[in-house]
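Q: Model the structure of this input:
(chains A and B)
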Amino acid sequence: MSQPVLSVENAAVHFRSRGGFLRKAGPALKAVDGVTLSVQPGETLGLVGESGCGKSTLANAILGLVPLVGGTITVAGREVRSDDAESLRAIRSDAQMVFQDPALSLNPRLSVGAAIGEPLQVRGLAKGAALRDRVAALLKAVGLEADHASRFPHAFSGGQRQRIVIARALALQPRLVICDEPVSALDVSVRAQILNLLVDLQRDTGMSYLFVSHDLSVVRHIADRVAVMYLGRIVEIATMAVLFGKPRHPYTQALLLAAPEPDPVRQRAKTRRILEGELPSASNLPPGCAFNTRCPIATEICRKDAPLLVARKDGAMVACHHAED
Amino acid sequence: MTGAVLDIERLRLEIDGAAVVDGLSLSVRQGEIVALVGESGCGKSLSAFAVLRLLPDAVTLAGGRILLEGRDLASLDLAAMAAVRGRDASIIFQEPTASLDPLMPVGEQIAEALTAHGVVAPRVAMQRAREMLVSIGISDPDRRLTQYPFELSGGMCQRIMIAIALICGPRLLIADEPTTALDVTIQAQILHLIRELVTARSTAVLLITHDMGVVADMADRVVVMYAGRVAETASAEAIFKAPLHPYTALLLASIPHAALAPKSRLATIEGTVPRPSSHGVGCRFASRCPLVEDKCRKETPPLVNHGDGHEAACWRSHDVGMLGVPA
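A: As a prediction, this is how the structure comes out:
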């Protein structure tokens, strides 16, 4: 197998509320705890889970935006060290990020051309006419016009702004683009345009995506493999077809059942097994399997021992004491 | 029409003289869930706010009638309207944490809905608030009543909002994107709760949403809005199975779903929604419509009934099937 573009080994990110004069430091909030995954060249890995499950924290850790307390993250063979500015600079030419809200990811005072050209300029990769040509090519690649370069972000719609953000992420020809909820702030018809664009760009460049989303229908459409996170841990990783066709972890099953399908016949025929309760606090995790407080099939062992992520025959990895093979 | 709890007739809302909602008519019967759908800026939320006269200052109610069990809310003065809100018709919003008073325990907020309308004395009101929490399946109700919104999760806050909205037994519930801010497993809980409560009480529900999955799950009938006008209205089954307006058809085809091949091309709608100030004659979808012809730009298509209450405002309704969508 070729070298993975991204390799995460047993990564952990903990946050701790700082103590003060009269206040004791709180317990560590284990936002990401022992996560292992990899992304191959040209592959899209979907990362799904609900708010607070740690998916965005993991995405941030991959770019060195938050420090690890354990484990390693390697991008294109280079270890990510959040305390080493030089290595981060190198990593960011291989890995770039697209955030949820394009309005917040663009500097309102910077022209679109300047924003897209900036990564090239600061690295001294292009200037003058060559830079202008490169920016024009990037704008065209994302479905905009070359003369949009002189305009400012406010002149564009939400969907166009997300195209600008994508163009900027592509400027350094990264091997991995981390998309953190890239279409969640967009209307459905615009969402389809951006998804089509991401698929086309991957086909043309062979880059990989780590596609972070809470929206299962979007992930099913775009991902080759899917990882499901719950309270800082991966509970299941499988190919798209296996995960959606034969979900094994009870949390994955509950997620799939809870997501409403845009088809009244199918949606109303679904068995309604609604997951009870809410997410426990990540700073006060239950012992054993973190899902045991909401799990319909939890038994004694689930309240004692945390299950390991174990490979099954069809390649799926599942962390559950009771999941089928 | 008999049995209609809410009857909106030719509603017109304006901002600076430009119509942002233009001739909206819809009705919601007892026990019925009607979904009002469309993309940002189509006027769906403003229409809902207009029913309870909660419009922002910049928006004026420029015409039409809003009949709640035969009484025209559009003509009521503010005092009469205040008596309607919460008692005869209630609303729940998208952001539950932003809709609750952060400085008041949630029990008092629920009880206030009763005492404000003089339904019961304060002491009894708190008891009724407790019963309401029990009836919506909240465990440990006595502790919850004394908690403040910041101590509760988003899903719990939305349950409190629902309790406040329904405690006076209104005939109409307006739910404006009630689960958009919530996680999918919590969304399923809240939708399930709304469905159970309104079925048990025969409440009429106007559900505002942009999520066609929620529509498929909840709605009896669907009203699709585009740029301030009704594009299409039909039963939920009919609208998903055989849409008669190209906007509806493309909207549905742009959603990724299980039957599509992975990474296949999704339908898109080119261009952008026209601004209210630039509305001229003709169909407002004309500039983005793949089926557009000369007539569409010159004459506004009326809502035409195609049978079984399936209405569409399109000159080419019969050709929408040609778009080859949806599956």
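Q: so where do the strands sit in the stretch 51-200 of chain A?
A: A:70-75, A:78-79, A:95-98, A:176-180 (DSSP state E, counting those that start in this stretch).
Q: again with the stretch 101-250 of chain B
A: With strands called from DSSP E, counting those that start in this stretch, the stretch 101-250 of chain B shows them at B:172-176, B:204-209, B:221-226, B:229-235.
Q: how about residue 5, what does it touch?
A: Unless you meant another one, I'm taking chain A. A:39-41, A:43, A:75-76, A:94, A:175-176, A:208 (C-beta atoms under 8 Å, 6 or more residues apart in numbering or on different chains). For every residue, glycine as well, the C-beta is placed using N, CA and C.
Q: The intended chain is chain B.
A: B:28-30, B:68-69, B:171-172, B:204.
Q: Most neighbours of all those, which one?
A: Greatest neighbour count in the contacts of B:V5, by other C-beta atoms under 10 Å in any protein chain shown, goes to B:V28: 29 neighbours.
Q: Pretty sure that residue sits against B:R171.
A: No - counting by C-beta atoms under 8 Å, B:V28 does not reach B:R171; the two are 9.7 Å apart.
Q: what touches both of those two?
A: Any residue near both B:V28 and B:R171 by C-beta under 8 Å, 6+ apart counts here, and that gives B:5, B:204.
Q: hmm, back to that, looking at the contacts of B:V5, which are in helices?
A: When DSSP state H is applied, the contacts of B:V5 are split such that none fall in helices.
Q: which bits of the stretch 101-250 of chain B sit near chain A?
A: For the stretch 101-250 of chain B, the residues in contact with chain A (C-beta under 8 Å from any C-beta of the partner chain) are B:153, B:155-156, B:183-189, B:191-192, B:210-217, B:219, B:236-237, B:240, B:250.
Q: Count the neighbours of residue 270 for me.
A: In the absence of a named chain, chain A is used. 14.
Q: sorry, should have said chain B
A: Once other C-beta under 10 Å is used to define contacts, B:E270 is seen to have 11 neighbours.
Q: check contacts around it.
A: B:R288.
Q: where does the chain dip in pLDDT?
A: Chain wasn't specified; assuming chain A. Across chain A, the ranges flagged by pLDDT under 70 are A:1.
Q: nope, chain B please
A: Screening chain B residue by residue with the criterion pLDDT under 70, one finds the ranges B:1-2, B:324-327.
Q: Tell me the bridge partners for the residue nearest the centre of it.
A: Nearest to the geometric centre of chain B sits B:I208, at 2.1 Å (C-alpha atoms, centre = their mean). When assigned by DSSP bridges, B:I208 has beta-bridge partners B:L36, B:D176.
Q: Distance check, it against A:A316.
A: B:I208 sits 39 Å away from A:A316, taking C-beta to C-beta, to the nearest Å as the criterion.
Q: Do a quick rundown of the helices in the stretch 101-250 of chain B.
A: Secondary structure of the stretch 101-250 of chain B, counting by DSSP state H, counting those that start in this stretch: helices at B:106-116, B:122-135, B:141-145, B:154-166, B:184-201, B:212-218, B:236-241, B:246-253.
Q: Put the alpha carbons of the fifth one into PDB.
A: Extracted in PDB, the C-alpha atoms of helix B:184-201 (Å, rounded to 0.1, in the frame of the first residue of the first chain):
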ATOM      1  CA  VAL B 184     -29.700  14.600  14.600                       C
ATOM      2  CA  THR B 185     -30.500  12.200  17.500                       C
ATOM      3  CA  ILE B 186     -32.000  15.200  19.500                       C
ATOM      4  CA  GLN B 187     -33.800  16.300  16.400                       C
ATOM      5  CA  ALA B 188     -35.500  12.900  16.200                       C
ATOM      6  CA  GLN B 189     -36.600  13.200  19.800                       C
ATOM      7  CA  ILE B 190     -38.000  16.700  19.400                       C
ATOM      8  CA  LEU B 191     -39.800  15.900  16.100                       C
ATOM      9  CA  HIS B 192     -41.300  12.800  17.700                       C
ATOM     10  CA  LEU B 193     -42.400  14.900  20.700                       C
ATOM     11  CA  ILE B 194     -44.100  17.600  18.500                       C
ATOM     12  CA  ARG B 195     -45.900  14.900  16.500                       C
ATOM     13  CA  GLU B 196     -47.200  13.100  19.600                       C
ATOM     14  CA  LEU B 197     -48.400  16.300  21.300                       C
ATOM     15  CA  VAL B 198     -50.100  17.800  18.300                       C
ATOM     16  CA  THR B 199     -51.800  14.500  17.500                       C
ATOM     17  CA  ALA B 200     -53.100  14.100  21.000                       C
ATOM     18  CA  ARG B 201     -54.400  17.700  21.100                       C
END
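Q: Which other helices and strands does it contact?
A: When contacts are defined as 3 or more C-beta pairs under 8 Å, 6 or more residues apart in numbering or on different chains; DSSP states H and E, helix B:184-201 packs onto helix A:250-258, helix B:154-166, strand B:172-176, strand B:204-209, helix B:212-218.
Q: Give me the angle between the third one and helix B:154-166.
A: Translated: strand B:172-176. Here strand B:172-176 points in a direction 150 degrees away from that of helix B:154-166 (axes from the mean of the first three to the mean of the last three C-alpha atoms, to 10 degrees).
Q: So which residues make contact with strand B:172-176?
A: Surrounding strand B:172-176, the residues in contact under the criterion C-beta under 8 Å, 6+ apart are B:5-6, B:28, B:45, B:48-49, B:51-52, B:68, B:88-94, B:165-166, B:194, B:198, B:203-208.
Q: still on that earlier bit, can I get the helices of the stretch 101-250 of chain B in JSON lines including mean neighbour count and distance to A:P108?
A: Below are those laid out as JSON lines (neighbours: other C-beta atoms under 10 Å in any protein chain shown; distance: least, C-beta to C-beta, whole Å):
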{"stretch": "helix B:106-116", "mean neighbour count": "21", "distance to A:P108": "38"}
{"stretch": "helix B:122-135", "mean neighbour count": "17", "distance to A:P108": "45"}
{"stretch": "helix B:141-145", "mean neighbour count": "16", "distance to A:P108": "43"}
{"stretch": "helix B:154-166", "mean neighbour count": "24", "distance to A:P108": "30"}
{"stretch": "helix B:184-201", "mean neighbour count": "19", "distance to A:P108": "33"}
{"stretch": "helix B:212-218", "mean neighbour count": "25", "distance to A:P108": "33"}
{"stretch": "helix B:236-241", "mean neighbour count": "21", "distance to A:P108": "39"}
{"stretch": "helix B:246-253", "mean neighbour count": "26", "distance to A:P108": "31"}
